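>>> dropping the sequence and predicted coords here.
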Number of protein chains: 2
Amino acid sequence: MKSHNFYAGPSILPEFAVEETVKAIQNFAGTGLSLMSVSHRSKEFIAVMDEVQELFKELLKIPNGYSILFLGGGASTQFAMVPMNIMSKKAFYLDTGAWSTKAVKEAKAFGEVEVVTSKDKDFTYIPKDYTIPTDADFMHITSNNTVRGTAFHTDIDSPIPVVADMSSDIFSRPIDVSKYAIIYGGAQKNLAPSGVTFVIVKDSILGKMERHIPTMLNYETHIKKDSMFNTPPVVPIFAALQTLKWIKKNGGVEAMQKMNIEKSDLLYNEIDRNKLFRGTVAKEDRSLMNICFVMKDEYKELEGGFLKFATEKGMVGIKGHRSVGGFRASTYNALPKESVEALIAAMKEFEKIN
Amino acid sequence: MKSHNFYAGPSILPEFAVEETVKAIQNFAGTGLSLMSVSHRSKEFIAVMDEVQELFKELLKIPNGYSILFLGGGASTQFAMVPMNIMSKKAFYLDTGAWSTKAVKEAKAFGEVEVVTSKDKDFTYIPKDYTIPTDADFMHITSNNTVRGTAFHTDIDSPIPVVADMSSDIFSRPIDVSKYAIIYGGAQKNLAPSGVTFVIVKDSILGKMERHIPTMLNYETHIKKDSMFNTPPVVPIFAALQTLKWIKKNGGVEAMQKMNIEKSDLLYNEIDRNKLFRGTVAKEDRSLMNICFVMKDEYKELEGGFLKFATEKGMVGIKGHRSVGGFRASTYNALPKESVEALIAAMKEFEKIN
């Protein structure tokens, strides 16, 4: 039976990226050596590093004046690195739950943090009614909340620099990078296996802090050395390059967005139609990447039954995050439409027999 | 022609580890999914994480009271994390060059650092004549210096806690872990592809600091969550497990040490015998992992010639570190004896024609 991979992350990657990575682990760039065993300073890997940066620039139309970094430590390390590098006194955070909440916590160690939150409705929507404080050094958003299934669908016009955690929606839609000072994310959703963190940073925002910043936590360290100050995560970066090649071949982020809208529309329509289920997120803020739903109250006792039923039909990873419950189907770029259709078929069938 | 992989890191890994990783990327633990696309919270990956920790304990005979962590960010991030987590006022560092020097620099931001260095002789030996200051919170060593080719061959008896960067000699010989408070290292030499950093930490040394430690830089965060506070580097950790299985199957770290002595003796003997070459390191401090040598002064002009000659015979990665020059043959656990023999044959042949 075919598996349908709805994991929230690490999650499904294009078959092309998986196959090319396998080939390179067997024989990298004709060297006769494994990608796992090749120096990051070999000319063959330096070519990979150059190309992945070029494709980032091309696919996201990144303007001049930005650097693209590939670091370790995950987005969670960025929660501290961002304020450490660019927060003098005050920052403004939109707290849309989970990762945002953690980001707020880290920032508080570096100054005053003004927070607007959607906690009043259990993080089921994106705050819209707020004033951006112009005395803050930057504002921070989580553009797509993997746990709650909410998303910003447009780039924010802000009088202060915008920082975005795009771990789970990078390359899922076109963005206007010029509207951001920093975009960062763990790569393990739309880009690569876990172990690499991308950072797109506007060079001019850096170099203004008076505090001590440990060398590895200073963006300028990595900009100066082109992400080779220390040994970068070679295999995940190679895999990221393959994913970007696949995105380019398939029409770029515009085509990804079209497919993502199509797939998520199919599933949200079924959630809204099916008598057993309901979506958990305000309709206008629904994520294209992480589709959260629960059993309606009157069918609550069927939750375990549906999980078992769907699992038997090949669905993997549809259990909701442990802090939320219910179900979550992650529909990243690489998830084929047929997987969404298989889940919908299972929902329909389960409705019929209950 | 067969390639002989002498890269200093990322470097040669056991064929078994490479092959098993390939299989898992194609189909992980019978899930039908790629290791690159599987949640770190899947039961199959949790089993990997459990087993890799168990094998660390077993192979290094790690006593109770220690935690084993798998983090991102490389050993370079540890240079700051160590003092951040355990340095109140003062630390004592043995500076044996390169990485040690960088570690000293990071520690200085957190208090007074007393340093004993081998810089007077260009880091070609391990300092032996020093008194450990008992008022320091810990002492720090780089047990094997990848760049300079020096090594500590025994564990230090110290009145204060010992911290060791073992990036390039972990699992190359038995160690008495009870003599250390923290052992850390980038995994990309004897253990795994780049992207994961191991930390073996004595629990009782933690939790005493008053300074703010960002969540991701606090060892206690990762101990509490069993290295799953955030998404760990799944593929490198899986590969590390395969390397440890291979070490176990081949007799453990005692057998590794025996083979490493045999291989390095062969090569050092040839360096000492051959009229063209000389070793750069004091004999008693020569590394078993990174064998550094240069052309004798009178043959200096042959350096480029030998590099070309050896490269044509399949040697890869024998150019010395850019800060040192000459040659460096890294002879990690997984390097077969036949590669050392091939290099020696090339040295002999080059001697004959010059």
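Now that the structure is in, tell me what you want to look at. This structure is a prediction, so every number in the text was calculated from the model and none was measured.

>>> dump the residue contacts of A:E351.
Shown in contact with A:E351 (C-beta atoms under 8 Å, 6 or more residues apart in numbering or on different chains): A:N274, A:K275, A:L276. Glycine gets a C-beta too; all of them are placed from N, C-alpha and C.

>>> wait, A:T311
The contact partners of A:T311, by C-beta under 8 Å, 6+ apart, come to A:I318.

>>> mind redoing it with 10 Å?
By C-beta atoms under 10 Å, 6 or more residues apart in numbering or on different chains, A:T311 lies in contact with A:G317, A:I318, A:K319, A:A346.

>>> if I look at it, how far off is A:R322?
Note on A:T311: its distance to A:R322, by C-beta to C-beta, to the nearest Å, is 17 Å.

>>> residue ranges of each domain in chain A, please.
A:15-249, A:251-353 (automatic domain parsing).

>>> any idea which of those domains is most buried?
The highest average neighbour count among the domains of chain A, using mean count of other C-beta atoms under 10 Å in any protein chain shown, belongs to domain A:15-249 at a mean of 21.

>>> so what does the biggest helix by length in chain A touch, helix or strand wise?
Ranked by residue count and defined by DSSP state H, the top helix of chain A is helix A:252-273. Counting by 3 or more C-beta pairs under 10 Å, 6 or more residues apart in numbering or on different chains; DSSP states H and E, the packing neighbours recorded for helix A:252-273 are helix A:43-60, helix A:234-249, strand A:277-279, strand A:290-295, strand A:327-330, helix A:337-352.

>>> cutoff 6 Å now
When contacts are defined as 3 or more C-beta pairs under 6 Å, 6 or more residues apart in numbering or on different chains; DSSP states H and E, helix A:252-273 sits against helix A:337-352.

>>> now the helix it packs on: how far from the chain's centre is it?
Centroid separation for helix A:337-352 versus its chain: 25 Å, with C-alpha atoms, centre = their mean, to the nearest Å.

>>> send me it as CSV with only the CA atoms.
Output in CSV follows, covering the C-alpha atoms of helix A:337-352 (Å, rounded to 0.1, in the frame of the first residue of the first chain):
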residue,chain,number,x,y,z
LYS,A,337,-2.4,16.0,-5.0
GLU,A,338,-3.2,12.3,-5.0
SER,A,339,-2.3,12.2,-1.3
VAL,A,340,-4.8,14.9,-0.5
GLU,A,341,-7.4,13.0,-2.6
ALA,A,342,-6.7,9.8,-0.7
LEU,A,343,-7.2,11.6,2.6
ILE,A,344,-10.5,13.1,1.3
ALA,A,345,-11.6,9.7,0.2
ALA,A,346,-10.9,8.3,3.6
MET,A,347,-12.9,11.1,5.2
LYS,A,348,-15.9,10.5,2.9
GLU,A,349,-15.8,6.8,3.5
PHE,A,350,-15.6,7.2,7.3
GLU,A,351,-18.5,9.6,7.1
LYS,A,352,-20.6,7.0,5.3
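
>>> ok and it relative to helix A:252-273, angle-wise?
In terms of direction (axes from the mean of the first three to the mean of the last three C-alpha atoms, to 10 degrees), helix A:337-352 departs from helix A:252-273 by 0 degrees.

>>> tell me the mean pLDDT over helix A:337-352?
Averaged over helix A:337-352, pLDDT sits at 98.

>>> ok, stretch A:85-93 next?
Here the average pLDDT along stretch A:85-93 is 98.

>>> get me the contact residues on the stretch 101-250 of chain A for chain B.
Residues of the stretch 101-250 of chain A lying close to chain B (C-beta under 6 Å from any C-beta of the partner chain) are A:106, A:109, A:186, A:188, A:193-195, A:212, A:214, A:216, A:230-231, A:233-236.

>>> among those, which one lies nearest to B:K245?
Distance to B:K245 across those (C-beta to C-beta) is lowest for A:V235, with 19.0 Å.

>>> in TSV, list the contacts of A:E351 along with distance to A:V294.
Output for the contacts of A:E351, formatted as TSV (distance: C-beta to C-beta, whole Å):
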residue	distance to A:V294
A:N274	12
A:K275	13
A:L276	10
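
>>> who's in contact with the residue in the stretch 251-354 of chain A that chain B sits nearest to?
Scanning the stretch 251-354 of chain A for the residue nearest chain B gives A:G317, at 6.0 Å (criterion: C-beta to the nearest C-beta). Contacts of A:G317 were listed using C-beta atoms under 6 Å, 6 or more residues apart in numbering or on different chains, and they are A:F6, A:Y7, B:S39.

>>> my guess is the first one contacts A:R328, does it?
What it means is A:F6. No: A:F6 is beyond contact range of A:R328, at 7.5 Å (criterion: C-beta atoms under 6 Å).

>>> and the longest helix of chain A, how far from the chain's centre?
Computed by C-alpha atoms, centre = their mean, the chain-centroid distance of helix A:252-273 equals 17 Å.

>>> show residues contacting it.
Here helix A:252-273 makes contact (C-beta under 6 Å, 6+ apart) with A:59, A:171-174, A:277, A:279, A:288, A:291, A:293, A:331, A:333, A:337, A:340, A:344, A:347.

>>> all strands of the stretch 101-250 of chain A, in order?
Along the stretch 101-250 of chain A, the stretches classed as strands by DSSP state E, counting those that start in this stretch are A:112-117, A:138-142, A:144-145, A:150-151, A:162-165, A:182-186, A:197-202.

>>> any chance of those strands in JSON lines, plus mean pLDDT?
Putting the strands of the stretch 101-250 of chain A into JSON lines (pLDDT from 0 to 100) gives the following:
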{"stretch": "strand A:112-117", "mean pLDDT": "98"}
{"stretch": "strand A:138-142", "mean pLDDT": "98"}
{"stretch": "strand A:144-145", "mean pLDDT": "98"}
{"stretch": "strand A:150-151", "mean pLDDT": "98"}
{"stretch": "strand A:162-165", "mean pLDDT": "98"}
{"stretch": "strand A:182-186", "mean pLDDT": "98"}
{"stretch": "strand A:197-202", "mean pLDDT": "98"}
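
>>> how about those strands in JSON lines, adding distance to B:G72?
Formatted as JSON lines, the strands of the stretch 101-250 of chain A follow (distance: least, C-beta to C-beta, whole Å):
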{"stretch": "strand A:112-117", "distance to B:G72": "25"}
{"stretch": "strand A:138-142", "distance to B:G72": "20"}
{"stretch": "strand A:144-145", "distance to B:G72": "22"}
{"stretch": "strand A:150-151", "distance to B:G72": "26"}
{"stretch": "strand A:162-165", "distance to B:G72": "16"}
{"stretch": "strand A:182-186", "distance to B:G72": "10"}
{"stretch": "strand A:197-202", "distance to B:G72": "8"}
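
>>> thanks a lot, see you next time.
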